[in-house]
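A.B. asks: sharing a model prediction with you, sequence too.
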Amino acid sequence: MDLERLKKQIEFIEEIDKIKHVLRKTLLMDGSRHENDAEHSWHLGIMAVLLSEYANTEELDVLHVVKMVLIHDIVEIDAGDTFCYDEKGALDKLEREEKAADRIFNILPADQAAEIRSLWEEFEECVTPEARFAAALDRLQPLLHNYRTHGRSWKKHGITKDRVIERNRHIKKGSRQLWAFVEMLIEDSVKKGYLPEKE
């Protein structure tokens, strides 16, 4: 056993425990509290397994998608969660997250640090079929939460239908079928008064 390697891996495992303290704007589906990044990532991992049949490609590497969604928000330990509709926060988001990736991923042994960094960059670039599907799930999940909480976060932050469509239409790149479902969900949200049509 390579004890130094194991120590680095354990240090990383201990460090990422901090992700449980990173709160998102998304409420749990019962509306009782905000979810944290660890819960979000776990939810996406399950979604990747269950919904992979709806990906635009039949050759999807599901394990690769699961790895991506499990690590995609680790950088938020340092960078914090940036609300998806926060235009000001988005300006320096990449810079904050790259700095965080440099520190956190490099706790690992070099080979694993490179693998995790590569997965994170692939997710951010959103070019491969796996990254596009992972990103589709990342956008679908909070939308489901908003729907189940009758649009509480949308209403609180003054989010309108056009902004939800603009933010989420990229789901189509990962799954045309899930996008069709999302369009129905958005229309139903407007109809039920969960999501304002206009400001």
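C.D. replies: Nice, thanks for sending it over. These numbers were taken from a predicted model, which means no experiment stands behind them.
A.B. asks: quick one, phi psi at Ile107?
C.D. replies: phi -70, psi -30 (degrees, to the nearest 10).
A.B. asks: give the contact list for it.
C.D. replies: 8, 11-12, 15, 113 (CB atoms under 8 Å, 6 or more residues apart in numbering). For every residue, glycine as well, the C-beta is placed using N, CA and C.
A.B. asks: now with 7 Å?
C.D. replies: 8, 11-12, 15 (CB atoms under 7 Å, 6 or more residues apart in numbering).
A.B. asks: now those in a markdown table, with distance to Leu27, pLDDT and secondary structure?
C.D. replies: Shown next, in a markdown table, are the contacts of Ile107 (distance: CB to CB, whole Å; pLDDT from 0 to 100; DSSP: H, G, I helix; E, B strand; the rest coil):
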| residue | distance to Leu27 | pLDDT | secondary structure |
| --- | --- | --- | --- |
| Lys8 | 36 | 98 | helix |
| Glu11 | 33 | 98 | helix |
| Phe12 | 30 | 98 | helix |
| Glu15 | 27 | 98 | helix |
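A.B. asks: from the residues you listed, list just the buried residues.
C.D. replies: Buried subset of the contacts of Ile107 (neighbour count, 16 or more other CB atoms under 10 Å): 8, 12.
A.B. asks: JSON lines for the contacts of Ile107, including distance to Arg96?
C.D. replies: Output for the contacts of Ile107, formatted as JSON lines (distance: CB to CB, whole Å):
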{"residue": "Lys8", "distance to Arg96": "24"}
{"residue": "Glu11", "distance to Arg96": "22"}
{"residue": "Phe12", "distance to Arg96": "20"}
{"residue": "Glu15", "distance to Arg96": "17"}
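A.B. asks: check the contacts of Ile107 and tell me the two furthest apart.
C.D. replies: Lys8 and Glu15 (10.4 Å; CB to CB).
A.B. asks: just give me the residue closest to the centre of the chain.
C.D. replies: Note on the chain: the residue nearest the mean C-alpha position is Asp138, at 3.7 Å, using CA atoms, centre = their mean.
A.B. asks: contacting residues around the strand or helix carrying that one?
C.D. replies: According to DSSP states H and E, Asp138 maps onto helix 129-148. By CB under 7 Å, 6+ apart, the residues outside helix 129-148 that reach it are 26-27, 29, 40, 43-44, 47-48, 51, 55-57, 60-61, 64-65, 68-69, 72, 122-123, 125-126, 153-154, 167-168, 170-171, 173-175, 178, 182, 185, 189, 194.
A.B. asks: sort out for me which of the residues you listed are in helices.
C.D. replies: Per DSSP state H, helices hold the following members of the contacts of helix 129-148: 40, 43-44, 47-48, 51, 64-65, 68-69, 122-123, 125, 153-154, 167-168, 171, 173-174, 178, 182, 185, 189.
A.B. asks: got a quick ChimeraX command for the buried subset of the residues you listed?
C.D. replies: Applied in ChimeraX, the following selects the buried portion of the ones in helices among the contacts of helix 129-148 according to 16+ other CB under 10 Å:
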select :40,43,44,47,48,51,64,65,68,69,122,123,153,154,168,171,173,174,178,182,185,189
